[in-house]
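> give the three-dimensional model of this entry:
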Amino acid sequence: TWSYSLEFDNWYRIQLEDAPPARGRHVSAFDMSRKRMVMFGGRFRPAEQISGVYTLYNDLWVFDVNEDRWYKVAQKGDIPSARTNSAMVYDPFHDRMILFGGNASNDGLRFTPLADTYTLDLETMTWARVESGLRPGPRLFHAMTVDTKREQVILFSGGDEGAFLGDFYADVWALDLATLQWSLLWESTGGGGLLPEPLGRISAGLLYDTEHDRVLLFGGHDDGALGNTNDLWSFDLNNLVWEVKREGDVYTGAGCPDFCSCAEDFVAYDYESPERRQYPTFIELYGRDQALLFSGTGDCGYMDDTWWLDLDALTDDLIAAGYTRV
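Numbers count the residues shown, from 1 in each chain. Got it, this is the predicted structure:
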């Protein structure tokens with residue numbers, strides 16, 4: 001378990017006597033009321049076992065940032081099934097977590113996407129399944145954030161059972177936090193429209209920029225020839241249109257014959273942006289007009305870099321994104 005100090009711009013490891021069992025592809029969100037991180041699900045396979053099935057989890061853990069301690073929580077209610085690659089956000093208006101979708105397969109070579117929605121009451125730690133008609137299609141590797149102005153969850157993209165290769169979803173959905181009903185806000189024209197739009201993708205970073213009332217999208221693994229991306233987009237929640245803020249690396253057509261052995265001119269590099277990646281942590285820092293970007297998976301493996309994004313710098317200049325590497 002690691003913590004990032006905003007005062008010193010550095011990471012440090014927290015020495016703990018107890019922690020959740022090792023896992024990957026779990027989901028977590030921060031409980032603002034109680035100042036604790038809530039973590040659900042994930043999967044595990046021993047390092048020496050290079051193939052075979054994973055153990056899937058549907059356990060619930062919380063990390064109290066005041067005490068620097070993990071606690072396993074006794075869950076109640078309609079507990080979600082074990083899963084990986086779901087998405088979960090904190091609903092500050094009703095003091096609960098919202099969980100959607102994920103992958104129910106324990107086979108690393110196959111996906112079984114889910115399309116279920118759950119709420120978690122953070123006072124009683126009780127789950128409830130949300131029954132709704134219209135809803136996003138079954139998916140994993142999607143991204144969610146909370147639009148606090150309109151009191152809704154925003155969901156973007158993801159993949160279905162074919163998420164190894166695509167095509168990926170290219171849509172935006174909203175979950176009304178008062179009614180718990182889903183609605184489709186935007187869907188790609190497939191390149192046939194007049195306005196720019198991001199390609200469908202998996203494992204992107206998504207956040208709601210409170211000060212400027214917009215959703216920001218960074219990176220992910222898209223449906224184009226480039227694969228991992230580092231583009232930056234803004235979604236206008238009033239007019240339901242996308243605007244590219246920074247194009248990032250541009251594919252040149254030079255080819256990439258094997259994993260991590262691409263031609264030198266594979267892309268025209270944007271050296272002012274973070275390297276292309278999927279699975280990044282991308283969060284707003286409230287009251288600072290900044291976002292923090294950490295880690296992810298690039299073309300050649302995992303990353304451990306940390307970046308700041310100046311959110312105010314995006315308003316006047318579509319090109320100067322204001323990235324700073326720590």
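> for the rest of this, base every contact and every neighbour count on C-alpha atoms.
OK.
> wait, what's in contact with residue 113?
Applying CA atoms under 8 Å, 6 or more residues apart in numbering, we find residue 113 in contact with 101, 102, 103, 104, 138, 139, 140, 160, 161.
> for the helix or strand of the chain with the lowest mean pLDDT, name the packing helices and strands.
Lowest by mean pLDDT, DSSP states H and E among the helices and strands of the chain is strand 323-325, with a mean of 88. Counting contacts by 3 or more CA pairs under 8 Å, 6 or more residues apart in numbering; DSSP states H and E, strand 323-325 packs against strand 301-310.
> can you tell me which of the contacts of residue 113 is closest to residue 151?
Set against residue 151, the nearest of these by CA to CA is residue 101 (20.2 Å).
> could I get the average pLDDT for the helix or strand harbouring that closest one?
Per DSSP states H and E, residue 101 falls inside strand 96-103. Mean pLDDT, strand 96-103: 98.
> equivalent analysis for stretch 258-271, please.
Stretch 258-271 carries an average pLDDT of 84.
> how long is that stretch end to end?
Taking CA to CA, to the nearest Å as the measure, stretch 258-271 stretches 23 Å from start to finish.
> ok so residue 297 is a strand residue?
Yes. Under DSSP: H, G, I helix; E, B strand; the rest coil, residue 297 sits within a strand.
> who's it bridged to?
Using DSSP bridges, the bridge partners assigned to residue 297 are residue 278, residue 302.
> from what I can see it touches residue 275, true?
No. Under the criterion of CA atoms under 8 Å, residue 297 makes no contact with residue 275, lying 9.7 Å away.
> between the two, who's got more neighbours?
Shown here are residue 297 and residue 275; by other CA atoms under 10 Å, residue 275 has more neighbours (23 against 19).
> before we move on, the earlier item: determine how far the strand holding residue 101 lies from the middle of the whole chain.
Taking CA atoms, centre = their mean, to the nearest Å, one finds strand 96-103 lying 12 Å from the centre of the chain it belongs to.
> do the same with stretch 53-65
Distance of stretch 53-65 from the chain centroid (CA atoms, centre = their mean) equals 17 Å.
> so for that stretch, mean pLDDT?
Stretch 53-65 comes out at a mean pLDDT of 98.
> mind listing what's buried along that stretch?
By neighbour count on 16 or more other CA atoms under 10 Å, the buried set for stretch 53-65 is 54, 56, 57, 58, 59, 60, 61, 62, 63, 64.
> reformat those as JSON lines; add secondary structure and distance to residue 232.
JSON lines is the format used below for those (DSSP: H, G, I helix; E, B strand; the rest coil; distance: CA to CA, whole Å):
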{"residue": "54", "secondary structure": "coil", "distance to residue 232": "34"}
{"residue": "56", "secondary structure": "strand", "distance to residue 232": "33"}
{"residue": "57", "secondary structure": "strand", "distance to residue 232": "33"}
{"residue": "58", "secondary structure": "strand", "distance to residue 232": "33"}
{"residue": "59", "secondary structure": "strand", "distance to residue 232": "34"}
{"residue": "60", "secondary structure": "strand", "distance to residue 232": "33"}
{"residue": "61", "secondary structure": "strand", "distance to residue 232": "32"}
{"residue": "62", "secondary structure": "strand", "distance to residue 232": "32"}
{"residue": "63", "secondary structure": "strand", "distance to residue 232": "31"}
{"residue": "64", "secondary structure": "strand", "distance to residue 232": "32"}
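> thank you, goodbye.
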